[in-house]
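> structure, please.
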Amino acid sequence: MLSDDPAHALLVGRMTQEGETPLAVLPIGSGPFGGLSGSGVLAVGAVRLWLAQPRLLGGPSVASVPLTSVGVVSVRAQRSLLGAGGGLRVEVVVDGRVLRFGTRAQRADAEEFARVVFRHR
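Residues are numbered from 1 along each chain as shown. Model prediction:
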């Protein structure tokens, strides 16, 4: 699984080093305008949920949490500042805190990601 996206490549490499294989991957964005600027990745392995996101300076950073800390993952349509077509909002509950991400992935792909997290937590 090769990628031109540095966050994606870094995340898959880090997961491999930790002995995990990505079961599902979801491209995400971060930022103040609907969460769709920037390039990041969420991935789920057999025991951890992983996140790679860009930093202001330097390459992307990688973080992970045990799937036992992950609650509901929900997917819903997100409006852009100019109306419809704002992509999707993905909300992930981690230790009771809601983390929000935007994605331009297809709804079916985002919902499949949520199902994979649910099956493995």
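> from here on, just use CA atoms for contacts and neighbour counts.
Will do.
> residue 61 against residue 50, yeah?
No. Contact criterion C-alpha atoms under 8 Å: residue 61 and residue 50 do not qualify, at 10.7 Å.
> more neighbours, those two?
residue 50 (22 against 14; other C-alpha atoms under 10 Å).
> now do the contacts for that one.
Applying C-alpha atoms under 8 Å, 6 or more residues apart in numbering to residue 50 gives the contacts 11, 42, 43, 44, 62, 63, 64, 65.
> so what's it scoring on pLDDT?
Note for residue 50: predicted pLDDT of 98.
> measure the residue lying closest to it once chain neighbours are set aside to residue 48 for me?
Spatial nearest neighbour of residue 50, chain neighbours left out: residue 64 (4.3 Å); criterion: C-alpha to C-alpha, 6 or more residues apart in numbering. From residue 64 across to residue 48, the span is 6 Å (C-alpha to C-alpha, to the nearest Å).
> between these two, which has more neighbouring residues?
residue 48 (22 against 17).
> from what I can see the more buried one touches residue 66, true?
Yes. Here residue 48 reaches residue 66: they are 4.3 Å apart, a contact under C-alpha under 8 Å.
> over to residue 16. Which of the three states is it?
Of the three states, residue 16 takes helix under DSSP: H, G, I helix; E, B strand; the rest coil.
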